[in-house]
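**Student:** Here is a sequence with its predicted model. Questions after.
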Amino acid sequence: MQIGVDELFQAKGRWWCHLLCDDFSQQGLEQLHRFAAEIGLPRRAFHDPSGQPRPHYDCTPEMRERALEHGASPLTRQQLVEYLQRGRSKIVLPAESP
(Lines give C-alpha, C1' and ligand atoms only; values in the text may rest on other atoms or scores of the structure.)
Protein backbone atom coordinates (compact mmCIF):
# COMPACT_ATOMS: atom_id res chain seq x y z
CA MET A 1 0.00 0.00 0.00
CA GLN A 2 1.20 3.51 -0.79
CA ILE A 3 0.23 6.86 0.69
CA GLY A 4 0.35 10.07 -1.30
CA VAL A 5 -0.61 13.73 -1.33
CA ASP A 6 -1.82 15.55 -4.40
CA GLU A 7 -0.89 19.01 -5.60
CA LEU A 8 -2.16 22.07 -3.77
CA PHE A 9 -5.35 23.68 -5.05
CA GLN A 10 -7.34 26.69 -3.91
CA ALA A 11 -10.89 26.35 -2.55
CA LYS A 12 -12.94 28.62 -0.31
CA GLY A 13 -10.11 31.15 -0.23
CA ARG A 14 -7.53 28.68 1.15
CA TRP A 15 -4.96 26.22 -0.17
CA TRP A 16 -5.68 22.49 0.24
CA CYS A 17 -4.60 19.05 -0.86
CA HIS A 18 -5.65 15.46 -0.21
CA LEU A 19 -3.86 12.69 1.68
CA LEU A 20 -4.94 9.26 0.48
CA CYS A 21 -3.85 5.69 -0.04
CA ASP A 22 -4.10 3.35 -3.00
CA ASP A 23 -5.88 0.59 -1.05
CA PHE A 24 -9.44 1.22 0.12
CA SER A 25 -9.72 -2.14 1.90
CA GLN A 26 -10.24 -2.08 5.67
CA GLN A 27 -6.52 -2.74 6.21
CA GLY A 28 -5.47 -0.03 3.79
CA LEU A 29 -7.70 2.57 5.41
CA GLU A 30 -6.44 1.59 8.88
CA GLN A 31 -2.89 2.26 7.69
CA LEU A 32 -3.99 5.61 6.24
CA HIS A 33 -5.57 6.56 9.59
CA ARG A 34 -2.40 5.56 11.46
CA PHE A 35 -0.24 7.63 9.10
CA ALA A 36 -2.55 10.63 9.48
CA ALA A 37 -2.43 10.33 13.28
CA GLU A 38 1.38 10.11 13.21
CA ILE A 39 1.66 13.43 11.37
CA GLY A 40 -0.96 15.12 13.56
CA LEU A 41 -3.98 15.14 11.24
CA PRO A 42 -7.20 14.98 13.23
CA ARG A 43 -9.72 12.28 12.31
CA ARG A 44 -12.30 15.01 11.59
CA ALA A 45 -10.24 15.88 8.48
CA PHE A 46 -11.15 12.46 7.00
CA HIS A 47 -13.82 12.38 4.30
CA ASP A 48 -15.39 9.55 2.34
CA PRO A 49 -18.14 11.16 0.27
CA SER A 50 -21.00 9.01 -0.97
CA GLY A 51 -20.94 7.80 -4.56
CA GLN A 52 -17.66 6.60 -6.03
CA PRO A 53 -15.38 5.74 -3.07
CA ARG A 54 -12.63 8.30 -2.59
CA PRO A 55 -11.63 8.25 1.09
CA HIS A 56 -9.13 10.97 1.89
CA TYR A 57 -7.96 13.54 4.41
CA ASP A 58 -8.14 17.24 3.60
CA CYS A 59 -4.75 18.82 4.32
CA THR A 60 -3.32 22.28 4.62
CA PRO A 61 0.00 23.10 2.93
CA GLU A 62 1.77 22.62 6.27
CA MET A 63 0.28 19.13 6.69
CA ARG A 64 1.23 18.31 3.11
CA GLU A 65 4.87 19.12 3.89
CA ARG A 66 4.71 17.03 7.07
CA ALA A 67 3.23 14.10 5.11
CA LEU A 68 6.00 14.32 2.52
CA GLU A 69 8.64 14.45 5.27
CA HIS A 70 7.14 11.23 6.71
CA GLY A 71 7.27 9.35 3.42
CA ALA A 72 4.09 10.18 1.50
CA SER A 73 4.55 10.38 -2.26
CA PRO A 74 3.83 13.65 -4.11
CA LEU A 75 1.07 13.00 -6.66
CA THR A 76 0.28 14.74 -9.92
CA ARG A 77 -3.39 14.90 -10.96
CA GLN A 78 -2.87 11.83 -13.18
CA GLN A 79 -1.25 9.89 -10.35
CA LEU A 80 -4.15 10.87 -8.07
CA VAL A 81 -6.58 9.29 -10.56
CA GLU A 82 -4.42 6.15 -10.66
CA TYR A 83 -4.44 5.96 -6.82
CA LEU A 84 -8.23 6.20 -6.83
CA GLN A 85 -8.53 3.46 -9.43
CA ARG A 86 -6.16 1.12 -7.57
CA GLY A 87 -7.87 1.87 -4.27
CA ARG A 88 -11.30 1.05 -5.64
CA SER A 89 -10.03 -2.20 -7.15
CA LYS A 90 -9.06 -3.44 -3.66
CA ILE A 91 -12.49 -3.01 -2.09
CA VAL A 92 -14.00 -6.34 -1.17
CA LEU A 93 -17.76 -6.24 -1.64
CA PRO A 94 -19.87 -8.32 0.75
CA ALA A 95 -21.18 -11.57 -0.71
CA GLU A 96 -24.86 -11.67 -1.58
CA SER A 97 -26.92 -13.74 0.80
CA PRO A 98 -29.17 -16.47 -0.67
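**Tutor:** In hand now; what should we look at?
**Student:** Which helix or which strand is home to the nearest residue to Leu84 once chain neighbours are set aside?
**Tutor:** Among residues not flanking Leu84 along the chain, Arg54 sits closest, at 5.8 Å (C-beta to C-beta, 6 or more residues apart in numbering). All C-beta spots, glycine's among them, are computed from the backbone N, C-alpha and C. Under the criterion DSSP states H and E, no helix or strand holds Arg54.
**Student:** From Gln31, how far off is the residue nearest to Ser73 when sequence neighbours are not counted?
**Tutor:** Excluding the flanking residues, the one nearest Ser73 by C-beta to C-beta, 6+ apart is Gly4, at 4.2 Å. Gly4 sits 13 Å away from Gln31, going by C-beta to C-beta, to the nearest Å.
**Student:** what do you get for Ser73?
**Tutor:** Per C-beta to C-beta, Ser73 is found 14 Å from Gln31.
**Student:** The two: which is more packed in?
**Tutor:** Gln31 (16 against 13; other C-beta atoms under 10 Å).
**Student:** How is that one assigned, secondary-structure-wise?
**Tutor:** At Gln31 the chain is in helix, as set by DSSP: H, G, I helix; E, B strand; the rest coil.
**Student:** just the one 5 residues further on next, same as before
**Tutor:** Per three-state DSSP, the secondary structure class of Ala36 is helix.
**Student:** Just the residues contacting the helix or strand hosting Gln85, thanks.
**Tutor:** Taking DSSP H and E as the definition, Gln85 sits inside helix 77-89. With contact meaning C-beta atoms under 8 Å, 6 or more residues apart in numbering, helix 77-89 is reached by 2, 4, 6-7, 18, 20-24, 28, 52-55, 73, 75.
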